[in-house]
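dropping the sequence and predicted coords here.
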Amino acid sequence: MMEDLLVKEGPENFLKHIYKLFLLEIFLLLTYTPRTWILYEPMDRYKSLLLAMTS
């Protein structure tokens, strides 16, 4: 499909299509909001030290 687009419309229009898809992807990434909230429990001192040593 990409080759057909390149042959029919030329490289300039092909790059414009790629650029538009790139902008659309950036827009979708910036405006994405998760549908569920992630709740974190407070971590005690022992667990935080264990996490620090293993990471």
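That came through fine. Everything quoted here is computed from the prediction, not taken from an experiment. Residues are numbered from 1 along each chain as shown.

quick one: the helices in this structure?
Assigned by DSSP state H, the helices in the chain fall at 2-31, 45-54.

now mean pLDDT too, for these, in a markdown table please.
Putting these into a markdown table (pLDDT from 0 to 100) gives the following:
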| stretch | mean pLDDT |
| --- | --- |
| helix 2-31 | 79 |
| helix 45-54 | 87 |
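
mean neighbour count for those helices - can I get that in JSON lines?
From N, CA and C alone the C-beta is placed, and that goes for glycine too. Output for the helices of the chain, formatted as JSON lines (neighbours: other Cβ atoms under 10 Å):
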{"stretch": "helix 2-31", "mean neighbour count": "10"}
{"stretch": "helix 45-54", "mean neighbour count": "9"}
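
minimum distance to Ile38: which of the ones you listed has it?
Distance to Ile38, taken as Cβ to Cβ, is lowest for helix 45-54 among the helices of the chain, at 17.1 Å.

give me the contacts around the closest one.
With Cβ atoms under 8 Å, 6 or more residues apart in numbering as the contact definition, helix 45-54 has outside contacts at Met43.

mind saving the C-alpha coords of it as PDB?
Below are the C-alpha coordinates for helix 45-54, written out as PDB (Å, rounded to 0.1, in the frame of the first residue of the first chain):
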ATOM      1  CA  ARG A  45      10.000   1.300  55.600                       C
ATOM      2  CA  TYR A  46      11.000  -2.300  55.200                       C
ATOM      3  CA  LYS A  47       9.300  -2.700  51.700                       C
ATOM      4  CA  SER A  48      10.900   0.600  50.500                       C
ATOM      5  CA  LEU A  49      14.400  -0.500  51.600                       C
ATOM      6  CA  LEU A  50      13.800  -3.900  49.900                       C
ATOM      7  CA  LEU A  51      12.700  -2.200  46.700                       C
ATOM      8  CA  ALA A  52      15.700   0.100  46.800                       C
ATOM      9  CA  MET A  53      18.100  -2.800  47.200                       C
ATOM     10  CA  THR A  54      16.600  -4.900  44.400                       C
END
